[in-house]
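# kindly generate the corresponding structure for this input.
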Amino acid sequence: MVKKLRRDDCVFVIIDVQERFMPVLDAPKEVVQNIVKLANGTAVLDIPTILTEQHPKGVGKTVPEIMDSLVSYSYFEKDAFSCFKDEAFKKKIKSLGKRQLLVVGIEAHICVSKTVLDALEEGYDVFVVADAVTSRTLSNKDIAIERMKTAGAIIESTEGALFSFIELSNNDEFKMIHRIIK
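Residues are numbered from 1 along each chain as shown. Just a heads-up that it's a prediction; the model follows:
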C-alpha cells in the first residue's frame with residue numbers, strides 16, 4: 001500500500017523551533033520560511049497543528065515568524081526529547097483521531113527523530129518535511145533523515161506536502177496554496 005498524505009487524517013507537528021537554537025543551526029532562515037509556508041497551508045486546509053517547546057525557560061520561545069503564522073494550535077511544553085514521552089501530547093494526538101503526522105522542527109537528529117521513531121512505533125504514518133527540519137550540522141540532519149526513512153517515515157518537501165493535500169488546480173484552495181508557495 002502506498003502511503004499518501006490525506007488532509008482529513010493528518011496532524012501538523014512543529015517541534016521546538018525556538019529562539020536560542022537559531023544561531024547555531026544549519027540553514028535556519030530557510031527552515032523557518034518553510035515551516036511558515038506549511039503553517040499557512042495547513043491552516044487553509046483545516047489541518048490541526050500541534051506546537052512543542054523544549055524547556056522554553058532555558059531555550060526561549062518559538063520564533064516569532066512561526067508564531068505569527070499560526071491561526072490555531074495546541075501547545076505542549078516538554079522536557080523529554082520525544083514528544084511521545086509526554087502523556088498530554090499522546091492524549092491530544094489520540095483525541096484527534098488522525099493516523100498521519102506531518103513533522104517539522106529541530107533538531108533533526110534529536111527531538112525530531114526521537115518523536116518520529118516513537119510515532120512509527122505507535123503505528124502512525126509519519127511524513128518528515130526534509131526542507132523544514134535542521135540540526136546544528138548538515139551531516140547530523142542528513143543522518144537523521146536517512147535513519148527516519150529507514151525506519152519507515154516518508155520524506156517530503158514543503159511544496160510536495162502542500163500539493164499532496166489538493167487534487168485540482170481549478171479551485172480557491174489551489175490558488176491559496178499556490179500563493180503560499182510562491
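# tell me the mean pLDDT for the longest strand anywhere in the chain?
Secondary structure assigned by DSSP state E gives strand 125-134 as the longest strand of the chain. The pLDDT scores in strand 125-134 average 98.
# got it, and stretch 46-59?
For stretch 46-59, mean pLDDT is 95.
# hmm, who's touching that stretch?
7, 10-16, 18-21, 39, 42-43, 61-62, 66, 70, 72-79, 81, 83, 89, 92-93, 96, 98, 102, 105, 111, 165 (Cβ atoms under 8 Å, 6 or more residues apart in numbering). Where you see a C-beta, it was placed from the backbone N, CA and C, and this is true even at glycine.
# mind listing the strands for this protein?
Going by DSSP E, the chain shows strands at 10-15, 49-54, 74-78, 100-106, 125-134, 154-156.
# wait, Ala119 sits on Phe84?
Yes - with contact defined as Cβ atoms under 8 Å, Ala119 reaches Phe84; the gap is 6.2 Å.
# about what we covered before: turn the strands of the chain into a markdown table, columns for distance to Glu173 and mean neighbour count.
A markdown table is the format used below for the strands of the chain (distance: least, Cβ to Cβ, whole Å; neighbours: other Cβ atoms under 10 Å):
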| stretch | distance to Glu173 | mean neighbour count |
| --- | --- | --- |
| strand 10-15 | 15 | 25 |
| strand 49-54 | 17 | 21 |
| strand 74-78 | 23 | 16 |
| strand 100-106 | 17 | 27 |
| strand 125-134 | 19 | 24 |
| strand 154-156 | 18 | 19 |
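# any chance of those in TSV, plus distance to Lys175?
Below are those laid out as TSV (distance: least, Cβ to Cβ, whole Å):
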stretch	distance to Lys175
strand 10-15	21
strand 49-54	22
strand 74-78	28
strand 100-106	21
strand 125-134	22
strand 154-156	22
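# so how far is the longest helix along the chain off the chain centroid?
Criterion DSSP state H: the longest helix present in the chain is helix 28-44. Offset of helix 28-44 from its chain centre (Cα atoms, centre = their mean, to the nearest Å): 9 Å.
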